[in-house]
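Chemist: Predicted model and sequence below, questions to follow.
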Amino acid sequence: MPRKTNTEKSDRRGGKRTRSSYGESRTSRPKPKTDFTIDALDFKNNNLLRQFVTDQGRMLPRKYTGMPARYQRKFSKVTKRARQMLLMK
């Protein structure tokens, strides 16, 4: 028995996608600039570290801080060291 085919155009998305459907019309999120050097990230620089830590003491991810990966890795090490020295919560 042959299979029934629908000759009418359906509302489903099928076929090729156009450029506009890939999301190129979205605007990218502006990246915040880091106004400090990597040498400024130090476990004794408490004021700078508190900007990137929540009130509960959790480190903010790169998604929210906009820091480069190298800065974020250094930041996590420095924060853990400051916690161990009881300089931070």
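Modeler: Cool, the structure landed.
Chemist: Tell me how far the spatially most central residue of the chain lies from residue 72.
Modeler: In the chain, the residue lying closest to the centroid (Cα atoms, centre = their mean) is residue 63, at 1.8 Å. Applying Cβ to Cβ, to the nearest Å, the value for residue 63 to residue 72 is 10 Å. Just so you know, the C-beta spots here come from the backbone N, C-alpha and C atoms, and that holds for glycine as well.
Chemist: Can you point out the buried residues in stretch 68-78?
Modeler: 71, 72, 74, 75, 78 (16 or more other Cβ atoms under 10 Å).
Chemist: Generate JSON lines for those, with pLDDT, distance to residue 59 and secondary structure as supplementary columns.
Modeler: Below are those laid out as JSON lines (pLDDT from 0 to 100; distance: Cβ to Cβ, whole Å; DSSP: H, G, I helix; E, B strand; the rest coil):
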{"residue": "71", "pLDDT": "95", "distance to residue 59": "12", "secondary structure": "helix"}
{"residue": "72", "pLDDT": "95", "distance to residue 59": "9", "secondary structure": "helix"}
{"residue": "74", "pLDDT": "96", "distance to residue 59": "12", "secondary structure": "helix"}
{"residue": "75", "pLDDT": "96", "distance to residue 59": "7", "secondary structure": "helix"}
{"residue": "78", "pLDDT": "97", "distance to residue 59": "10", "secondary structure": "helix"}
